[in-house]
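Asker: Please find the sequence and the predicted model below.
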Amino acid sequence: MAKLTAATRTDTVKGKLHPDGRRQRSQASRAKIVTAFMELIESGDPSPSAARVAERAGVGLRSVFRHFDDMDSLYAEIDKTLNTQWGPVLSKPYESSDWREQLIELVERRAKVNEAIYPHRIMTSLARFRSELLMSNYKRLLKYEKDALGAILPKSVQKDKQRSRAILLATSFDSWRLFRQDEGMSNKQVIATMSQMVRDVVAQIDD
């Protein structure tokens, strides 16, 4: 008779799946569902059905509903995943000590992140009116971006509402999307254009 391997002993007790084994399989199925949902969004479907998600994940339709009671719980998991992946890129210390150069670093970082997550941001923008969670996430992200800019700009610049708002627009996702998608520019070209916009505004500031 073949002996049970350590992994098999862990997962099997008297012919039944060990609780730890069930938990691992459940976590694996949950991860597959989240990955499938994200992949479908990234492939151009801003609102994939549960059936499409199940098919893409290779799990049963019941498994999708067992792991996620509603769409908001799935959106929350995706938000958590994206924050884990890209939060450190946006929040790492700036290399320059000059606030003007930090703005250019900010443009470059956001462009890098936008390139990776723009389908999810567009999905959030479209679906936020039918989801309180997505509306909350949308407002939180806008506040985060505004606060990140405020952490760079000197107080005297922040008080100049017109120019500080011009910088906010020049570094925004909406500006990036306009150039990257509507204008069909490369991400490198977008960075150059947005950086020039920032420099043009900053050049008018005496500080």
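Answerer: It's in.
Asker: from here on, contacts and neighbour counts on C-alpha atoms
Answerer: OK.
Asker: Just the element for the most centrally placed residue in the chain, please.
Answerer: Centroid check for the chain by C-alpha atoms, centre = their mean gives residue 82 as the closest residue, at 4.0 Å. Residue 82 belongs to helix 71-91 when assigned by DSSP states H and E.
Asker: same question, residue 107
Answerer: Residue 107 belongs to helix 99-127, assigned by DSSP H and E.
Asker: Name the residues of that helix that are buried.
Answerer: Across helix 99-127, burial judged by 16 or more other C-alpha atoms under 10 Å covers 100-114, 117-124, 127.
Asker: Stretch 26-43 now?
Answerer: 29-30, 32-42.
Asker: For the residues you listed, give me CSV that also has secondary structure.
Answerer: Formatted as CSV, the buried residues of stretch 26-43 follow (DSSP: H, G, I helix; E, B strand; the rest coil):
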residue, secondary structure
29, helix
30, helix
32, helix
33, helix
34, helix
35, helix
36, helix
37, helix
38, helix
39, helix
40, helix
41, helix
42, helix
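Asker: nearest to residue 201, of those residues?
Answerer: Nearest to residue 201, judged by C-alpha to C-alpha, of the buried residues of stretch 26-43 is residue 42 at 34.0 Å.
Asker: From residue 138, how far off is the closest residue to that closest one other than its chain neighbours?
Answerer: Computed as C-alpha to C-alpha, 6 or more residues apart in numbering, the closest residue to residue 42 that is not its neighbour in sequence is residue 119, at 5.4 Å. Using C-alpha to C-alpha, to the nearest Å, one gets 14 Å for the distance from residue 119 to residue 138.
Asker: rewinding a little: which elements pack onto the helix holding residue 82?
Answerer: Applying 3 or more C-alpha pairs under 8 Å, 6 or more residues apart in numbering; DSSP states H and E, one finds that helix 71-91 makes contact with helix 19-42, helix 99-127, helix 132-150.
Asker: end to end, how far does stretch 153-168 reach?
Answerer: 11 Å.
Asker: Any regions of this protein where pLDDT drops low?
Answerer: 1-20, 207 (pLDDT under 70).
Asker: could you redo the last one with a cut-off of 80?
Answerer: The model of the chain has pLDDT under 80 over residues 1-23, 206-207.
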